[in-house]
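Enquirer: following is a predicted model, sequence given first.
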Amino acid sequence: VRSVVISGSEFVALQLDVEDAHHLLYTKPKDQGLQSFAWHGAEHGTAGYYHWKANAQGMRHTPYYWERLGAAMLRCLILLITCGGRPACWAFRYVDDFLVLFRKDATFVLSARIVLFFLIVGVPLSWKKMYIGFRPVWLGYQLDLTSRRISWQPHKVADVKARLLELVQGKINSKQIERCGGKCCWLAAAAEHLKPFCRPFFTSRSLGNGRVMSWASLPTGVKHDVLFWLEALNSFAGYVPLEARSPFPGSMASDAFACGELAGIGGWWSDSPQPQDASEVWWFSEQMNARDLDWIFHTDELQTIIASLELLGSIVLLKLFGSRAQSCELDLWVRLCTDSQVASHVQSRWYSPTDPLNSVLKELALTVLRLDAALQLYHVSGAQNIWADLLSRGDLRGFDAQKRLRVDVCDSQWWILTPREFHK
């Protein structure tokens, strides 16, 4: 949806729900016995054994067959709305829920065409769930096509808060942790920067092997993330913009270096999309050792260390870039070049299964959120990232000293990377 709502034109939504979707698929008579059940209703004279003649919801095979039918319905729908030339609308499907976005001038004709098509082929629609307008509620998300925002329904947010408070105040088991993780993942589907804060729920759901636990017995990382979610849900504006932000017209890049006990990060940015000389850019270069960043160097995997340092360099660059802006909120889409495929990959997914990568990714997510920006770490070859590589190694030749920005990486104001007890 976000990729569609990018132009200045107005959109209208048509929301359709197929009633008893799984019952549209009939089971062959020879296989109906596999869907049998016993019913104990002796007082009404209905006790006995029964079987479903159609697909029964909840059976393992049911989604497979419905997905085939649902996909065929969506393909027919797309053919229907595109006949006659360039499409004026877009169609989406999740299980048995359909959402179609029209341009305003095509709403009447295409919405009537779609509804009549479903009626003609015999698809039972849930009329009470049908909606045409600017504020559809789809999959629990409130879409506002007028202000171009997406928000969560208040009662669903209240349910997530209640489940999180259960972890803090009461007895805990692995099922509760898993349910909280599922709810938080649903929230993060609309705000992807929140995804790194979902990982500890699933890495810790096997704690206790089903036994009842207390809040104090949970790992420090899980407790930090539960408290983060509670704070975020209390202070969050409640909506996420659907419309794409304006791209930053300039260019920026960062890099990292590690060898033995030594490490360094560096980066630069320019208001020009293609600066011709190193003296034109704003830049930073910081050298450290393993003792300064022991929470990164506690692992023996060099690739993880390098990727964590690459992300750390991106964070520092964004913070310095934000400090030079006239406003604390950038409202920009920032494309930052890096020659680390790992860093680019984990940022695109906003997820890493291991620390310290996940901790640095959380810091990056909060940095982007506080700056009100959108970020893409764009992978380039090392040959295209020479300036940032030189800065990460402390080679400052050709750079303007007056455009250098300093930061104490070990004593900076982090949100996640301190205190150190977080990483123990």
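Expert: Here it is on my side, so go on. Here the structure is a predicted model, which is why all the values come from computation and not from measurement.
Enquirer: can you show me the strands along the stretch 251-400 of the chain?
Expert: Ranges of strands within the stretch 251-400 of the chain are 251-259, 262-270, 282-289, 332-338, 374-379, based on DSSP state E, counting those that start in this stretch.
Enquirer: out of these, which one sits most buried?
Expert: Using mean count of other CB atoms under 10 Å, the stretch among the strands of the stretch 251-400 of the chain with the greatest mean number of neighbours is strand 262-270 (a mean of 25). Backbone N, C-alpha and C define where each C-beta goes, glycine included.
Enquirer: quick one: low-confidence ranges for the stretch 51-200 of the chain?
Expert: Within the stretch 51-200 of the chain, the segments meeting pLDDT under 70 span 83-88.
Enquirer: if we can go back for a sec, quick one: closest of the strands of the stretch 251-400 of the chain to W52.
Expert: Between W52 and the strands of the stretch 251-400 of the chain, the tightest spacing by CB to CB is seen for strand 374-379, at 47.6 Å.
Enquirer: give me the helices and strands touching the closest one, please.
Expert: strand 332-338, helix 341-349, helix 357-370 (3 or more CB pairs under 8 Å, 6 or more residues apart in numbering; DSSP states H and E).
Enquirer: list the helices and strands the first one packs on?
Expert: In other words, strand 332-338. In terms of contacts (3+ CB pairs under 8 Å, 6+ apart), strand 332-338 is packed against strand 246-247, strand 251-259, helix 302-324, strand 374-379.
Enquirer: can you say which of the strands of the stretch 251-400 of the chain is nearest to T299?
Expert: strand 251-259 (11.7 Å).
Enquirer: check the offset of that closest one from the chain's centre.
Expert: 25 Å (CA atoms, centre = their mean, to the nearest Å).
Enquirer: that older thread, pipe the helices and strands packed on strand 332-338 into JSON lines and attach distance to L145 per row.
Expert: Below are those laid out as JSON lines (distance: least, CB to CB, whole Å):
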{"stretch": "strand 246-247", "distance to L145": "20"}
{"stretch": "strand 251-259", "distance to L145": "33"}
{"stretch": "helix 302-324", "distance to L145": "30"}
{"stretch": "strand 374-379", "distance to L145": "20"}
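Enquirer: ok, which of those comes nearest L77?
Expert: Shortest distance between L77 and these, using CB to CB, is found for strand 374-379: 30.9 Å.
Enquirer: bridging residues for the residue lying closest to P273 once chain neighbours are set aside?
Expert: Take P273 and drop its neighbours on the chain: the residue closest to it by CB to CB, 6 or more residues apart in numbering is S251, 5.4 Å away. For S251, the beta-bridge partners under DSSP bridges are S270.
Enquirer: contacting residues around S251?
Expert: Going by CB atoms under 8 Å, 6 or more residues apart in numbering, S251 touches 269-270, 272-275, 335, 337.
Enquirer: sorry, back to before: which one of the helices and strands packed on strand 332-338 lies nearest to Q15?
Expert: Of all the helices and strands packed on strand 332-338, it is strand 374-379 that lies closest to Q15, at 27.2 Å by CB to CB.
Enquirer: just the CA trace of the closest one, in PDB.
Expert: Taking Å, rounded to 0.1, in the frame of the first residue of the first chain, the C-alpha atoms of strand 374-379 are listed here in PDB:
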ATOM      1  CA  ALA A 374      13.600   7.100   6.300                       C
ATOM      2  CA  LEU A 375      16.900   5.200   5.600                       C
ATOM      3  CA  GLN A 376      18.400   3.000   3.000                       C
ATOM      4  CA  LEU A 377      21.800   1.600   3.400                       C
ATOM      5  CA  TYR A 378      22.800   1.200  -0.200                       C
ATOM      6  CA  HIS A 379      25.600  -1.300  -1.000                       C
END
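Enquirer: strands paired with that strand, and their directions?
Expert: By DSSP bridges, strand 374-379 pairs with strand 332-338 (parallel).
Enquirer: alpha carbons of the partner strand, in PDB - could you do that?
Expert: Extracted in PDB, the C-alpha atoms of strand 332-338 (Å, rounded to 0.1, in the frame of the first residue of the first chain):
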ATOM      1  CA  LEU A 332      13.800  13.100   4.600                       C
ATOM      2  CA  TRP A 333      14.600   9.800   2.800                       C
ATOM      3  CA  VAL A 334      18.300   9.300   3.200                       C
ATOM      4  CA  ARG A 335      20.400   7.000   1.000                       C
ATOM      5  CA  LEU A 336      23.600   6.200   2.800                       C
ATOM      6  CA  CYS A 337      26.300   4.200   0.900                       C
ATOM      7  CA  THR A 338      28.200   1.400   2.500                       C
END
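Enquirer: what's next to that strand, contact-wise?
Expert: With contact meaning CB under 8 Å, 6+ apart, strand 332-338 is reached by 244-248, 251-255, 310, 314, 317-318, 321, 344, 373-380, 384-385, 388.
Enquirer: got the confidence number for H423?
Expert: The model reports H423 with a pLDDT of 40.
Enquirer: pLDDT weak spots in the stretch 201-350 of the chain?
Expert: Across the stretch 201-350 of the chain, the ranges flagged by pLDDT under 70 are 203-212, 235-239, 243-244, 325-331.
Enquirer: ok, D389 to T220 distance?
Expert: Separation of D389 from T220 (CB to CB, to the nearest Å): 36 Å.
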